[in-house]
Every structure is written in C-alpha cells, then in structure tokens.
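Asks: Just the structure for this:
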Amino acid sequence: MALRGDRKITDGTDISFFMNETGTRGEILVFSTGGSGAAMDDSTAVVKTPVIGSGERIAGLLLNDMVNLDLTRTHINQHKDEVQQGGKVTLLRHGVVVTNVIDTGTAGVPTIGAPAYLGYGAITSGGTSEGWVSATKVTDNDEGDEVYRVGTFLSTKDSDGYAKLEVNIA
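Replies: Residues are numbered from 1 along each chain as shown. Predicted coordinates for the structure are as follows:
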C-alpha cells in the first residue's frame, strides 16, 4: 500500500504529531493523545491507527512510512521518507493524492465524485457512511457533519488499484 508521487498539497500538512507504531503512507490516522498549545515538540501529541467503532476523530492521511528498525545495524532510507517509530509524522489534512489504500470489500468500487470514508485499515467508497460496519451515518452532534468522511474520490481505480482522492478533513 502506498502513495504515488502525483500529489497536490494545499495548505494542509501538519507536522506536530508523533506516532508510536509502524504504518504505511496513505493510511488514515486518528488522534490518540493531544498536547497543549502549539504542541510542536510535545511528546504527548500522538496519532495512531484507528480501532473499529471507537468514535475517535480523524487526524489526517499519513505521508511517511513509519518503520521500526534497529538503527545500530542499518539506517533509515531517506529516499523513501521513512521515519523511525516514535518520531514525528507528516499528516495531510487538505490536498489531493493518488493512493491504493482503498478497501472495496463491502463498500463497493469507488466512483468519481463519491464520498470517501475512513474504513477498516483503508479508505472506503460511499458504500457505508460510517465506513466500518453499519450503514448508519455517524455525525458530529454540534454541526451534523459526517465524522468519518475524509474526502472525495476524483477518479476510479486504475489497473494497479490506485485512485485519486481529494482529502478534506474538517
């Protein structure tokens, strides 16, 4: 699973969070714990992989590969934008990416203009509003926004399984 180099990032990256587990770029992450103020170097500002039905808020789309390497024997591959587990990550909140981290199991094949939701380990098409299991919309009580919506599909999947996704996390 990965992202292709074809990206358009519009004012939408956040570099203020740490991640204490491994992960693949293109995954959607949620907030684990938060820092106070700007929290730029606050180690309590942590993101993680979501858990099914947890009600956690979406933090953004991971733009780095998170690895757990023995740094006494090898080094991080800077050309692949790898970050050691426990380090700072770059999250995309607004922009366009081409990704293959798309679940088409129960949700169906993504179509142009269809909403994209956080799914189980991947992004799902508009098959379910929650993205996990049920077809019941999960909304924010204050504004009525769909909590698990991450953006809109701008293409269908190609032969390699990649689709263009506009990320817009409110």
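Asks: most centrally placed residue in the protein?
Replies: residue 28 (1.8 Å; CA atoms, centre = their mean).
Asks: Leaving out chain neighbours, which residue sits closest to that one?
Replies: residue 118 (4.9 Å; CB to CB, 6 or more residues apart in numbering). Where you see a C-beta, it was placed from the backbone N, CA and C, and this is true even at glycine.
Asks: residue contacts, that neighbour?
Replies: Residues in contact with residue 118, defined by CB atoms under 8 Å, 6 or more residues apart in numbering, are 28, 30, 50, 58, 124, 131, 132, 148, 149, 150.
Asks: And residue 9, by the same measure?
Replies: Counting by CB under 8 Å, 6+ apart, residue 9 has contacts 92, 94, 95.
Asks: how much space is there between it and residue 85?
Replies: For residue 9, the distance to residue 85 equals 24 Å [CB to CB, to the nearest Å].
Asks: helices and strands of the chain: which one bottoms out on pLDDT?
Replies: Ranked by mean pLDDT, DSSP states H and E, the weakest helix or strand in the chain is strand 123-124, scoring a mean of 72.
Asks: Could you check the pLDDT of the residue nearest to residue 28?
Replies: Looking at residue 118, its pLDDT stands at 79.
Asks: ok, now residue 22?
Replies: 90.
Asks: what do you get for residue 161?
Replies: 86.
Asks: Let me see the contact set for it.
Replies: So residue 161 contacts 100, 102 (CB under 8 Å, 6+ apart).
Asks: Just say helix, strand or coil for it.
Replies: coil (DSSP: H, G, I helix; E, B strand; the rest coil).
Asks: In the protein, where is pLDDT below threshold?
Replies: Residue ranges of the chain with pLDDT under 70: 1, 36-39, 52-55, 104-108, 120-122, 125-147.
Asks: if we can go back for a sec, so how do I select the buried members of the contacts of residue 9 in PyMOL?
Replies: In PyMOL, this line selects whichever of the contacts of residue 9 come out buried by 16 or more other CB atoms under 10 Å:
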select buried, resi 92+94+95
